[in-house]
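> What follows is a predicted protein model with its sequence.
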Amino acid sequence: MSRQTNLNQSVVFLDAGVTDYQSLQAGVIPGIATVILSAKENGVEQITAFLQQNPQITTIHLVSHGAPGCLYLGNCQLNLTNIYDYRQQLQSWAKINRILLYGCQVAAGDAGEEFIEKLHQLTGATVMASATPTGSSKWGGDWDLEAIVSRTESEQDLNISLAFVGETLATYEGVFALSLVGNYDTPGEAHDVKVVGNYAYVADFSLGLQIIDISNPTNPSLIGNYDTSGSAMDVQIVGNYAYLADYWSGLTIIDISNPTNPTLTGNYSDWPLGSAYGLEVVGNYAYVASDYSGLTIIDISNPTNPTLIGNYDTSSRALEVQVIGNYAYVADYESGLQIIDISNPENPTLKGNYDTPGIASDVEVVGNYAYVADGWDGGLQIIDISNPTNPIFIGNYDTNGVANDVEVVGNYAYVADDMAGLKIIDISNPTNPTLIDYYNDFSTVAYGVEVVGNYAYLADYFDGLKIIDVSNFNNPSPLPSVTLAVSTTSVTEDGTTNLVYTFTRTGDTTNPLTVNYTVGGTATFNTDYSQTGAASFPSFPSETGTVTFAANSATATVTVDPTADTTVEDDETVSLTLTSGTDYTVGTTTPVTGTILNDDFSKLSINNITVVEGKDNNAILTVTVNNPNPQPISVNYTTAPVNATANVDYTSKTGTLTIAPNTSTATISIPILNDNLNEANETFVINLSNPVNATLTNNKGIVTISDTLTANVTTTLPANVENLTLTGTTNINGTGNAANNILTGNSGKNTLTGSAGNDTLNGGTGIDTLIGGLGNDTYQIDTTTDTITENANQGTDTVQSSVTYTLGNNLENLTLTGTTNINGTGNTLNNIITGNSGKNTLTGSAGNDTLIGGTGNDTITGGAGSDRFTFKNPNEGIDTITDFLSSQGDKITVSAAGFGGGLAAGVAITAAQFVLGTTALNASNRFIYNTITGGLFFDGDGTGTLAAIQIATLSSKPTLTASDILVLV
């Protein structure tokens, strides 16, 4: 080993069928690429595809099982027969300089030499191979590739190192062919073998039954034997008995309950049972294939005395039989497969037959197929027996030997092929069975085969029992299991986080692997989301998508990216479900679901409302959805007082409002309670909270409880409603009810009628007619053009005027409003006339009037009658009283509370509290009257520190005494 090829230009192709290929993979020299050839695909095609993708490769190391002139690659062979079928692929390997074949005995014999020569001619590469077993010396192998077909290369160029580190070559325990584990050379001629537990029972022809202990398969040993009187051709083991087809001696039954000392139990050899060649034991019957008398059925319910039940003489020589249900399948030598109806064992009848091309020596039935070992010329024949009356040919494989016996396990048929040894044939596609491997040590004459567990037990005519390791087929490397998970189970629609679906495979990751999946859920691809990572992504649930694992990668991902929008919609799901495919098993069988959370929520608002107490029984508030939602929306609500009183003015209420899907509004109703009081507006609120599937733009609705009904048409107040306000500009009218009403006009010409009750009428702008009716009514006017109609004896009525005004008939009182200097005049009734804060002229006219100037320097004339000039406090200005006459009973009245100074309410001031002059003379003096000027002063403490304050001027300078001044409350 003088030099090493460029590592980056070398690749090792490891066939997955090689025993413990994983340890070889781990032992590849660093820097050399490794590719595992799938057992489910064509190996030549796999190699060709890799080389096309990697044109830098110039050296191939090909590790697989081999045979003279044959390589086993994936699920195909490359051999002398078919090598030209692959010439197009092989010729595409033109850039390859060297091909190293590690298969056992590939270059052996004429076939091997011709094979590597043709491979060299097609590829142009130097081909190196072995004519001997390759692998562990323990099984007779070595690592020498001694056969070479060369390009025009120097000797140095041919000195190429193997692809594995030395330690791997030293410790690897396999060879690249089936290996013999153990052997026991029986004394006779091994014809058939059956294995039960730790024992192999060999029909040893001339020396009867041999029982061999196989508990240690590397060292099988004889445990017991029984030499029958005939020639042991076939053996079946049922319970404690061995049943032998003993040729001329017919059926022989041997007790094997003590395997060290088997004993004869019974025998049946009478006609028509002739030369017993094969047999099957089912229930109480032994079905014997007789060389000369066809199928014979023997009752073995009493094994010491077997008796004849029935017979069917086949057209040729019955060599073997298998019984399934009501049918016996007979390998009938030159007549092929015979199917015999045994539902009536006393009268078996022919059901159907298929004449195979060779000589049918054995048959194995599995499912709908009969596998026939068809001697020379026929090899393995596969017959469809689903219709037993018309069996049909399905497929065959020419074994090149003499197919004596067949055993089917799983996807493989094991054929005892006489001098060609043991053939293992892949029957997974029964229309195209293919040879996968074989065993032949060139001394083998394979007559019978039994496969149990990891071993094939071969009845070798001359060498007895051979035990061959077939674990590579009965325990193949498990397919990788693929699982699926989503790393974030939910993401927001407009967010930056995506749903990441991770596919994970177990086992070997060397080669790429494509797996299948379907997509479900409520989200729509390319509308609600996009994806990256998938080789193909289905648009509909009925379609299948694929994702591919890169070489040497244990994971593959599909990323689902939600599409942002402003649509209010349900949360949506994306479900991926693994489905079956090639070269893997499904580890996650249930859908894996991610959720795209809707983040476009509807917005809720609640209105404010005014209700009229006594008219509206309920305050009905509307909750509005700005963008209807396909999901139901709910929100909690509760009432809270502002200045209204819960359960007095309204009923306190708490609840949950639900808005149906795709609906814009819903209402909340709160009962309003009527207290029959005329009062100011009162309010309470409805608070919204905890919305579901929506957000709040405002969470508070304000309810105003009003005693006022507003109307833009002529209206009469209904019962229990106190107030009426007319709106608009139209000339309309308003009428009260029996309660104390406030009636307010609009800007038009209104007629307001109070009816019963103490009403307040305000015409507003416009020329209005105000009719108070019964009760103590109040008229609020801002123009003298308003007409007030008040009948006699309809209560004590008051006019509140912001303009100069003279009381009309039947109106008792007048109050000036505002700050403007305006005047007020009474009528013949006893009037109370009150000024505003301006400078007013108040005239009582006839009647006993009360005149209250208020603030401002007012001029007050009582007129005829006993009048009172009233002062609330000494700081309201200096009023002029023009006509004070004690003789008419006029009085000046002051407020005890407003003036203070120790005045006693309810009586006239005392003489000591009154003084004539300009100043107080003692501490008792409170009122000082200047007879010269007519000025009237108040001194809160007489001669004390407080200054006297003029409150009025009596312009007529009348005589004034203490009795003329009364103190009111």
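Right, received. Where do you want to start?
> any idea which helix or strand carries residue 162?
Under the criterion DSSP states H and E, no helix or strand holds residue 162.
> so where is this protein shaky, pLDDT-wise?
Within the chain, the stretches with pLDDT under 70 are 1-7, 138-140, 151-159, 174-175, 177, 441-442, 472-478.
> Which parts of it are helices?
Secondary structure of the chain (DSSP state H): helices at 21-26, 43-53, 87-91, 109-123, 155-158, 166-171, 375-378, 471-474, 896-899.
> how about a markdown table for these, with mean neighbour count and distance to residue 730 added?
For the C-beta atoms, the positions are set from N, CA and C on the backbone; glycine is no exception. Below are those laid out as a markdown table (neighbours: other Cβ atoms under 10 Å; distance: least, Cβ to Cβ, whole Å):
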| stretch | mean neighbour count | distance to residue 730 |
| --- | --- | --- |
| helix 21-26 | 18 | 100 |
| helix 43-53 | 18 | 92 |
| helix 87-91 | 16 | 101 |
| helix 109-123 | 18 | 109 |
| helix 155-158 | 11 | 117 |
| helix 166-171 | 13 | 109 |
| helix 375-378 | 18 | 116 |
| helix 471-474 | 19 | 105 |
| helix 896-899 | 16 | 47 |
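> so who does residue 506 touch?
480, 481, 482, 554, 587 (Cβ atoms under 8 Å, 6 or more residues apart in numbering).
> how close does it sit to residue 778?
Going from residue 506 to residue 778 by Cβ to Cβ, to the nearest Å gives 96 Å.
> hang on, residue 449 packs against residue 416?
Yes: using Cβ atoms under 8 Å, residue 449 makes contact with residue 416 at a distance of 4.3 Å.
> who has more neighbours, these two?
Using other Cβ atoms under 10 Å as the criterion, residue 449 and residue 416 rank with residue 416 on top: 33 against 27.
> just the CA coordinates of stretch 744-764, formatted as PDB?
Only the C-alpha atoms of stretch 744-764 are listed here, as PDB (Å, rounded to 0.1, in the frame of the first residue of the first chain):
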ATOM      1  CA  THR A 744     -90.400  74.600  27.800                       C
ATOM      2  CA  GLY A 745     -91.100  75.900  24.300                       C
ATOM      3  CA  ASN A 746     -88.900  75.900  21.200                       C
ATOM      4  CA  SER A 747     -88.000  78.900  19.000                       C
ATOM      5  CA  GLY A 748     -91.400  78.800  17.400                       C
ATOM      6  CA  LYS A 749     -94.800  80.200  18.500                       C
ATOM      7  CA  ASN A 750     -96.000  77.900  21.200                       C
ATOM      8  CA  THR A 751     -99.000  77.400  23.500                       C
ATOM      9  CA  LEU A 752     -97.900  75.900  26.700                       C
ATOM     10  CA  THR A 753    -100.700  74.700  29.000                       C
ATOM     11  CA  GLY A 754     -99.900  73.600  32.500                       C
ATOM     12  CA  SER A 755    -103.100  71.900  33.500                       C
ATOM     13  CA  ALA A 756    -103.200  70.900  37.200                       C
ATOM     14  CA  GLY A 757    -100.100  71.100  39.400                       C
ATOM     15  CA  ASN A 758     -97.500  73.700  40.300                       C
ATOM     16  CA  ASP A 759     -96.100  74.200  36.800                       C
ATOM     17  CA  THR A 760     -93.200  76.100  35.300                       C
ATOM     18  CA  LEU A 761     -93.800  77.500  31.800                       C
ATOM     19  CA  ASN A 762     -91.000  78.900  29.600                       C
ATOM     20  CA  GLY A 763     -92.000  79.800  26.100                       C
ATOM     21  CA  GLY A 764     -88.400  80.300  24.900                       C
END
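> Go through that stretch and flag the buried ones.
Within stretch 744-764, the residues that qualify as buried by neighbour count (16 or more other Cβ atoms under 10 Å) are 744-746, 748-764.
> These in strands, which ones?
744, 751, 752, 753, 760, 761, 762 (DSSP state E).
> need the residues you listed in CSV with distance to residue 543, can you?
Listed next are those as CSV, based on distance: Cβ to Cβ, whole Å:
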residue, distance to residue 543
744, 75
751, 81
752, 80
753, 82
760, 81
761, 82
762, 79
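> Tell me which two of these sit farthest apart.
Maximum pairwise distance among those (Cβ to Cβ): 15.6 Å, between 751 and 760.
> Return the backbone torsion pair for the residue nearest to residue 463 when sequence neighbours are not counted.
Setting aside the residues directly before and after it, residue 463 is nearest to residue 185 in space (Cβ to Cβ, 6 or more residues apart in numbering), at 5.4 Å. Backbone geometry at residue 185, expressed as degrees, to the nearest 10, gives phi -80, psi 100.
> go on, residue 773?
Backbone geometry at residue 773, expressed as degrees, to the nearest 10, gives phi 80, psi -160.
> Now do the strands in the stretch 601-750 of the chain.
In the stretch 601-750 of the chain, the segments counted as strands under DSSP state E, counting those that start in this stretch are 602-606, 609-612, 618-625, 633-641, 654-659, 665-671, 682-692, 694-696, 700-706, 708-711, 715-716, 723-726, 733-735, 742-744.
> quick one, the fifth one and strand 682-692 angle?
Angle, strand 654-659 to strand 682-692, by axes from the mean of the first three to the mean of the last three Cα atoms, to 10 degrees: 60 degrees.
> Can you give me the buried ones in strand 654-659?
Going by neighbour count (16+ other Cβ under 10 Å), the buried part of strand 654-659 is 657, 659.
> Rebuild the strands of the stretch 601-750 of the chain as a markdown table, extending it with distance to residue 160.
Formatted as a markdown table, the strands of the stretch 601-750 of the chain follow (distance: least, Cβ to Cβ, whole Å):
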| stretch | distance to residue 160 |
| --- | --- |
| strand 602-606 | 75 |
| strand 609-612 | 96 |
| strand 618-625 | 80 |
| strand 633-641 | 77 |
| strand 654-659 | 81 |
| strand 665-671 | 85 |
| strand 682-692 | 74 |
| strand 694-696 | 74 |
| strand 700-706 | 89 |
| strand 708-711 | 108 |
| strand 715-716 | 114 |
| strand 723-726 | 112 |
| strand 733-735 | 118 |
| strand 742-744 | 115 |
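> Could I get the full set of strands for the stretch 251-400 of the chain?
Using DSSP E, counting those that start in this stretch, the strands of the stretch 251-400 of the chain run over residues 251-255, 263-268, 276-282, 285-290, 294-299, 307-312, 320-324, 327-331, 337-341, 349-354, 362-366, 369-373, 380-384, 392-397.
> Residue 690: how many residues sit nearby?
A count of neighbours around residue 690, defined by other Cβ under 10 Å, yields 10.
> Having no further points to raise, I will conclude here.
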